[in-house]
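Peer 1: Sequence first, predicted coordinates after that:
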Amino acid sequence: MADIFAGGLGGMRVMRSATSDVNLAKGKASVEAAQDEAFAQKLRAAEEKIEAGLATAPDQAAKDGKLREVCREMEAVFLNMLLGKMRDTVPERTLFPKSSGEKMMQSMLDVELTRVMAAGGGVGLGELLYRQLSGSGRQRLPEGANAKE
């Protein structure tokens, strides 16, 4: 304790700075854990929608529509995670740090932005998922060809 006070106010500033760095690191880790958990929940919800939607759809056209919608939602979730990670690479301003309200509004804006991006075609991930899950993306072998060849 005497060592801290021996440095005077400079020592206290260093101690305060180190403490705030530790708190900042803990805060970032908890935010990332919460984002990972939120992504896992959205993924589970999308899987449940796929299962429920395909089980209750009366005809193939309705099934395809529901599958396409869920694939678009999954692309929006992916784009949201991508945008969030991209934002994390930009250093935060130190003079006027973001308030919790500003962070919440930014998050809501990102969710809406990525939903609109996915609805407009996105990066093609939703369509790729749709083709894979619907079976229309599978390559057909020519007549008489063996799948193991």
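Peer 2: Here it is on my side, so go on.

Peer 1: any low-confidence regions in this structure?
Peer 2: Filtered on pLDDT under 70, the chain yields the residue ranges 1-25, 27, 53-58, 137-149.

Peer 1: could you pull out the helices for it?
Peer 2: If DSSP state H is used as the criterion, the helices of the chain fall at 2-6, 8-56, 60-88, 100-119, 125-134.

Peer 1: closest one to Thr94 among these?
Peer 2: Of all the helices of the chain, helix 8-56 sits nearest to Thr94, with 11.0 Å by C-beta to C-beta. Heads up, the C-betas are built off the backbone N, CA and C, glycines and all.

Peer 1: Export the helices of the chain to a markdown table and append columns for mean neighbour count and distance to Thr94.
Peer 2: Converted to a markdown table, those look like this (neighbours: other C-beta atoms under 10 Å; distance: least, C-beta to C-beta, whole Å):
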| stretch | mean neighbour count | distance to Thr94 |
| --- | --- | --- |
| helix 2-6 | 8 | 24 |
| helix 8-56 | 12 | 11 |
| helix 60-88 | 17 | 16 |
| helix 100-119 | 14 | 15 |
| helix 125-134 | 16 | 36 |
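
Peer 1: List the residues that contact Leu133.
Peer 2: Ile50, Leu67, Cys71 (C-beta atoms under 8 Å, 6 or more residues apart in numbering).

Peer 1: would JSON lines of those residues with distance to Met108 be doable?
Peer 2: Formatted as JSON lines, the contacts of Leu133 follow (distance: C-beta to C-beta, whole Å):
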{"residue": "Ile50", "distance to Met108": "25"}
{"residue": "Leu67", "distance to Met108": "27"}
{"residue": "Cys71", "distance to Met108": "23"}
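
Peer 1: quick one: which of these is nearest Leu43?
Peer 2: Ile50 (10.7 Å).

Peer 1: That closest one reaches Val70, doesn't it?
Peer 2: Yes - if you go by C-beta atoms under 8 Å, Ile50 and Val70 touch, sitting 5.0 Å apart.

Peer 1: would you put the C-alpha positions of stretch 100-108 in PDB?
Peer 2: Extracted in PDB, the C-alpha atoms of stretch 100-108 (Å, rounded to 0.1, in the frame of the first residue of the first chain):
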ATOM      1  CA  SER A 100     -25.600   1.800 -22.900                       C
ATOM      2  CA  GLY A 101     -28.600   3.400 -24.700                       C
ATOM      3  CA  GLU A 102     -26.500   4.100 -27.800                       C
ATOM      4  CA  LYS A 103     -25.100   0.600 -27.800                       C
ATOM      5  CA  MET A 104     -28.700  -0.800 -27.600                       C
ATOM      6  CA  MET A 105     -29.900   1.400 -30.500                       C
ATOM      7  CA  GLN A 106     -26.800   0.300 -32.500                       C
ATOM      8  CA  SER A 107     -27.600  -3.300 -31.900                       C
ATOM      9  CA  MET A 108     -31.300  -2.800 -32.900                       C
END
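
Peer 1: Thanks a lot, catch you later.
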